[in-house]
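Peer 1: coords please:
(one chain, ligands or ions: 1)
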Amino acid sequence: MWELIVGVLLGAVATVVVLRRTTRPSAPEVVEDASPKEDVANSNESLEALVDALPMGIVVVGKDGQVRFRNNAMSTVTGTRHVDVLVEAATERLIDRALVGKERREEIQLAGPPIRVLEVHAVPLNDGGALALVEDITERWRIDQVRTDFVANVSHELKTPVGAISVLAETLEGETEDELILRLTGRMVLETQRMSRTIDDLLELSRIELGGEALYTGVDMNAVITEVLERVSSLAAKKKVEIVVEQPTNSTLVTGDFFQLTSAIGNLVENAIKYSDTDSTIEVRLRDGSHSMLDVEVEDHGIGIPAESLDRIFERFYRVDRARSRGTGGTGLGLSIVRHVATNHGGEVNVRSREGEGSVFILSIPRVRATS
Ligand code: ADP
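Peer 2: Numbers count the residues shown, from 1 in each chain. Modelled structure (predicted):
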């Protein structure tokens with residue numbers, strides 16, 4: 001039986017283990033060593049230990065339907081008694097099918113929180129028996145889910161401006177009134193810019209997510225802030241927003257990637273401007289954080305964020321108020337970029353906010369470690 005388990009588990013990997021099962025795992029057929037019995041016992045024990053250590057439950061039944069083997073991981077994978085019952089029922093059902101030659105898979109979703117997803121997979125064996133594998137596929141399932149949601153979100157985000165441009169173009173067709181033509185083309189330009197911003201942010205997010213080009217060196221956060229201020233100067237001037245920078249007297253060096261840090265702090269400052277009223281002030285502070293971090297605080301006195309949205313604003317495409325975000329030209333991707341940059345740097349981003357009073361975003365990045 002061992003050769004069947006190993007063969008099915010390793011699939012394409014050539015397995016040169018030839019073992020035969022009696023009541024307990026028994027001897028390999030060819031053993032050249034002087035003390036064959038000891039070796040057989042050792043190799044069977046290590047195989048049994050190996051199969052027990054696999055992160056999946058394994059059940060083997062003979063062609064009579066009797067369980068011939070069940071590894072210890074079976075109970076670890078299922079966890080609770082309630083789950084155990086569900087998994088047992090699915091395993092039995094699928095093994096029955098495998099015993100008549102049909103390979104079957106079934107997903108069991110366990111409503112959380114947190115949600116767990118197990119997969120039972122039963123295959124017929126050459127000797128007429130069947131093998132069932134039970135695997136916790138939660139992580140794989142979650143990634144698939146994120147990918148599917150992401151594709152749906154991107155399609156939706158791009159479809160909206162493309163739809164608007166199409167309607168505007170149709171209206172424009174055959175139009176002779178100069179003033180109307182000017183208004184329609186103006187709106188078309190705005191929609192195109194919107195689409196282009198979404199694509200730019202998506203590209204930036206994917207570059208930061210992949211992290212391939214990141215260059216982690218000693219970066220002076222003062223230089224990052226100077227660069228950011230330059231980038232946002234026209235937006236700030238347009239809104240008559242004053243940006244006050246408070247710098248500490250001690251070191252502002254962190255271990256990081258200049259491009260990523262500029263992108264993250266740029267997004268925070270841009271949001272602070274976008275979600276503030278005209279003639280207000282924004283403070284950017286560098287502070288000592290905990291655990292040898294340097295904290296960059298970006299504080300505004302704008303519209304603030306409702307408490308129930310605080311957990312969600314870092315999700316891709318999440319906006320508190322879609323209509324308002326449209327007006328400010330938001331893509332809903334800025335804070336996802338900030339969160340990724342924080343994670344890439346081994347840091348974090350936190351937020352405190354009150355509706356109607358304003359928000360403080362705190363990006364914590366590890367300082368450069370002192371070298372002796
Ligand atoms: P957007 O491009 O829409 O600004 P973000 O990912 O940067 O996307 O932000 C997500 C949402 O969080 C925004 O749509 C907005 O509702 C809210 N938000 C972000 N920063 C602020 C802020 N400083 N003040 C108020 N709301 C904010």
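Peer 1: so residue 338 is in contact with residue 264, correct?
Peer 2: Yes. Look at residue 338 against residue 264 with C-beta atoms under 8 Å: they come within range, at 4.5 Å. Every C-beta, even on glycine, is put in place using the N, C-alpha and C of the backbone.
Peer 1: does residue 43 belong to a helix, a strand or coil?
Peer 2: Assigned by DSSP: H, G, I helix; E, B strand; the rest coil, the conformation of residue 43 is helix.
Peer 1: gap between residue 218 and residue 277?
Peer 2: 38 Å (C-beta to C-beta, to the nearest Å).
Peer 1: also residue 222?
Peer 2: From residue 222 to residue 277 the distance is 28 Å (C-beta to C-beta).
Peer 1: same check on residue 93?
Peer 2: 62 Å.
Peer 1: and what of residue 169?
Peer 2: 36 Å.
Peer 1: which helix or strand contains residue 132?
Peer 2: Following DSSP states H and E, one finds residue 132 within strand 130-136.
Peer 1: partners of that strand, with directions?
Peer 2: Sheet pairing here is set by DSSP bridges, and for strand 130-136 it gives strand 56-61 (antiparallel), strand 116-124 (antiparallel).
Peer 1: next secondary structure after the first one?
Peer 2: Per DSSP H and E, strand 56-61 leads on to strand 67-70 as the next helix or strand towards the C-terminus.
Peer 1: surely residue 258 and residue 226 touch.
Peer 2: No. When contacts are counted by C-beta under 8 Å, residue 258 is not listed as touching residue 226 (11.5 Å).
Peer 1: stretch 216-224 - what's its average pLDDT?
Peer 2: Average pLDDT, stretch 216-224: 91.
Peer 1: before we move on, what about stretch 57-72?
Peer 2: 88.
Peer 1: check stretch 355-367 too.
Peer 2: 95.
Peer 1: now it: buried residues?
Peer 2: 358-367 (16 or more other C-beta atoms under 10 Å).
Peer 1: please apply the same query to stretch 43-53.
Peer 2: Buried, per 16+ other C-beta under 10 Å, within stretch 43-53: 43-44, 47-48, 51.
Peer 1: any idea which helix or strand carries residue 295?
Peer 2: strand 293-300.
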